[in-house]
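# The following block contains a protein sequence and its predicted model.
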Amino acid sequence: MRQPKRDDRHRAGGAALNGPQDLGGQMGFGPVAPEVDEPLFHADWERRVLAITLACAALGHWTIDESRHARESLPPADYLYFSYYRIWFEALTHLLARHGEVSTQELASGHALAPPVRAQRCLSAAEVPGVLSRGGPSARDPLGPALFARGQRVRARNLHAEGHTRLPRYARGRIGHIEAVHGAHVFPDANAHGGGEAPQWLYTVIFDGQALWGPDTDPTLSVRIDAWESYLEPA
Amino acid sequence: MHDHIETSETEEMTARVRALETILVEKCLVDPASLDAIIETYSEHVGPQNGAAVVARAWSDPAFADWLARDATAAIHSLGFTGRQGEHMQALFNTPDSHNLVVCTLCSCYPWATLGLPPVWYKSPPYRARAVRDPRGVLAEFGVDLPAETRIHVWDSTAELRYLVIPMRPAGTEGWSEGKLATCVSRNAMIGTGLAARP
């Protein structure tokens, strides 16, 4: 759904890192409204979007990191307004177009107009239980020794490069300490953009609530993030 | 007015999703039987009952609780709860003086293998924005009021580690079977927006 007043904010395939998905600490969204006895899906199309998204992931065109980036690359106003399965759907159509499987002409006509690219990778029903129960572990062999150790003081770097990242804005520039060293994991900032897995050491970093949100913050609060090594510097 | 907007979104999305599915099936990129199998998996087999079984085992078996604390991935996988969005697990044990709360501020990361698909509120801006800054305010909206001195540990799921909160076992459940204990354990209690139910 293209809207002229918002369209200029949309850049297919390369949205900024400081996108609408980075919600931690934002204000003005009102109270959380948990729904009593919430159904698993609110409409049949949501069920289909879940299943189509997982089935298309099995084609192997994109990684989980590229799919997250496709969702956060929606125009910010759309991202905040759409329901979550709609975000998935819009991102999925972008991914399928980017990888040559479904064109906008086909979506408009409702029928296939060109041959598929990877029909040989189509997920069969017999393969579903195995694929879902295996998942996709992100742990990898480390490429070198860990730079940081448990208990060490670190600062989250003040990074604002464009592209996908998993370092939330509220942590950038803040000092915490390493609580756990998790081994090496696929680095999303590279993997989302065709840069390969480029595994890095992953750490749990704990921040005092007041270090993040100021001296008036509840003194009992601490917040942890999982941070790849290149997000951090000694402090 | 609001209902009207929701109805028109439903109609529009129903048509667009049907069109996409038609195209993908015509191209042999997805098999409708696989879509049904995926939906059945998350509707019937993978849900918070899995996490509740983990918690009930941890309450009943100190050796399992110890394993869960040291290597949650292996301990949880040993019960058969493996797979997508449960590949790397960490268990967070609530105690009388500390409470754990899980969020994903950047998207909707959630331990599917133990809790199934996340509820709408978990994926929505109000929760994702406030859980890291004002967790007590968020907890109040879930009817959870903790003592002022309780330490609040918020875990922002920014990588592929998935977190399962192990709530405190309610008093009055001594001698209960694991099956009966599991009935005390709600999905929200394993996210941290609830507590285990008292009998």
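Thanks, I have it. Computed from a predicted structure; not experimentally measured.
# How is the chain divided into domains?
Picking chain A for this. Using automatic domain parsing, the domain parsing of chain A gives A:4-134, A:139-234.
# meant chain B actually
Following automatic domain parsing, one finds the domains of chain B at B:2-44, B:46-191.
# what helix or strand does residue B:91 sit in?
Secondary structure from DSSP states H and E places residue B:91 in strand B:88-93.
# And that strand, what's buried?
B:88, B:89, B:90, B:91, B:92 (16 or more other Cβ atoms under 10 Å in any protein chain shown). (C-beta placed from N, C-alpha, C; glycine too.)
# I'd like to know which of those residues is nearest to chain A.
Set against chain A, the nearest of the buried residues of strand B:88-93 by Cβ to the nearest Cβ is residue B:88 (6.6 Å).
# residues near residue 111, how many?
Reading this off chain A. Other residues near residue A:111 come to 13 when the count uses other Cβ atoms under 10 Å in any protein chain shown.
# Please refer instead to chain B.
Counted with other Cβ under 10 Å, the neighbours of residue B:111 add up to 30.
# doesn't residue B:87 make contact with it?
No. Applying Cβ atoms under 8 Å, one finds residue B:111 not in contact with residue B:87, separated by 9.9 Å.
# Spell out for me which residue occupies the centre of the chain.
Went with chain A since none was named. By Cα atoms, centre = their mean, chain A has its centre lying nearest to residue A:68, at 3.4 Å.
# my bad, chain B
Nearest to the mean C-alpha position of chain B, counting by Cα atoms, centre = their mean, stands residue B:115 at 3.9 Å.
# so that residue makes contact with residue B:164?
Yes. Here residue B:115 reaches residue B:164: they are 7.5 Å apart, a contact under Cβ under 8 Å.
# Overlap of the contact sets of those two?
Listed as contacting both residue B:115 and residue B:164 by Cβ atoms under 8 Å, 6 or more residues apart in numbering or on different chains are B:51, B:190.
# low pLDDT regions in chain A?
Where chain A drops to pLDDT under 70, the residues are A:1-17.
# What distance do you get for the residue nearest to the centre of chain B to chain A?
The spacing between residue B:115 and chain A, counted by Cβ to the nearest Cβ, to the nearest Å, is 12 Å.
# Likewise for residue B:138?
6 Å.
# just to revisit the earlier point, ok, so of the buried residues of strand B:88-93, who is nearest residue A:131?
Nearest to residue A:131 out of the buried residues of strand B:88-93 is residue B:88 (Cβ to Cβ; 17.7 Å).
# Going by mean pLDDT, which of the domains of chain B comes out lowest?
For the domains of chain B, the weakest mean pLDDT is recorded on domain B:2-44, namely a mean of 92.
# Could you tell me the end-to-end distance of stretch A:52-65?
Here the two ends of stretch A:52-65 are set 18 Å apart, with distance taken as Cα to Cα, to the nearest Å.
# That one: which residues count as buried?
For stretch A:52-65, the neighbour count (16+ other Cβ under 10 Å) marks A:52-59, A:61-65 as buried.
# Over to stretch B:8-22?
Within stretch B:8-22, the residues scored as buried using 16+ other Cβ under 10 Å are B:13, B:16, B:17, B:19, B:20, B:21.
# can I assume the fourth one sits in a strand?
No. Counting by DSSP: H, G, I helix; E, B strand; the rest coil, residue B:19 is located in no strand; its state is helix.
# Could you measure from residue B:149 over to residue A:92?
Computed as Cβ to Cβ, to the nearest Å, the residue B:149 to residue A:92 distance reads 47 Å.
# Which of these two has more residues huddled nearby?
Neighbour totals were compared for residue B:149 and residue A:92, and residue A:92 leads with 23 against 8 (other Cβ under 10 Å).
# In this model residue A:53 seems to touch the more buried one, though I could be wrong.
Yes. Residue A:92 is within contact range of residue A:53, at 5.4 Å (criterion: Cβ under 8 Å).
# where exactly do the strands run in chain A?
A:139-140, A:153-156, A:175-185, A:200-208, A:221-228, A:232-234 (DSSP state E).
# hmm, stretch B:149-162 touching chain A?
Yes. Legend: contact between stretch B:149-162 and chain A by Cβ under 8 Å from any Cβ of the partner chain is shown at B:149-161.
# Which of the helices or strands spans the nearest residue to residue B:178 once chain neighbours are set aside?
Distance criterion Cβ to Cβ, 6 or more residues apart in numbering or on different chains; nearest residue to residue B:178, sequence neighbours excluded, is residue B:56 at 4.2 Å. Residue B:56 belongs to helix B:48-60 when assigned by DSSP H and E.
# And for residue B:122?
In this structure, residue B:122 sits in helix B:120-123 according to DSSP H and E.
# from the chain's centre, how far out does that helix sit?
Distance of helix B:120-123 from the chain centroid (Cα atoms, centre = their mean, to the nearest Å) equals 11 Å.
# neighbouring contacts of that helix?
Where contact means Cβ under 8 Å, 6+ apart, the residues beyond helix B:120-123 that reach it are A:32-35, A:38, A:42, A:83-84, B:103-104, B:107-108, B:110, B:127, B:191.
# Of all pairs in these, which one spans the longest distance?
Greatest spatial distance among the contacts of helix B:120-123 (Cβ to Cβ): A:42 and B:103, at 21.7 Å.
# Have a look at those two and say which one is more surrounded.
Between residue A:42 and residue B:103, residue B:103 has the larger neighbour count (other Cβ under 10 Å), namely 28 against 15.
# how many other residues sit next to residue A:103?
Neighbour count of residue A:103, defined by other Cβ under 10 Å: 16.
# give me every residue that touches it.
A:97, A:113, A:114.
# The last one touches residue A:106, doesn't it?
Yes. Counting by Cβ under 8 Å, residue A:106 is a contact partner of residue A:114 at 7.2 Å.
# more neighbours, those two?
residue A:106 (22 against 12).
# and the closest residue to residue B:37 other than its chain neighbours, what is it in contact with?
In this structure, residue B:37 finds its nearest non-sequential neighbour in residue A:128, 4.1 Å apart by Cβ to Cβ, 6+ apart. By Cβ under 8 Å, 6+ apart, the residues touching residue A:128 are B:34, B:37, B:38, B:41.
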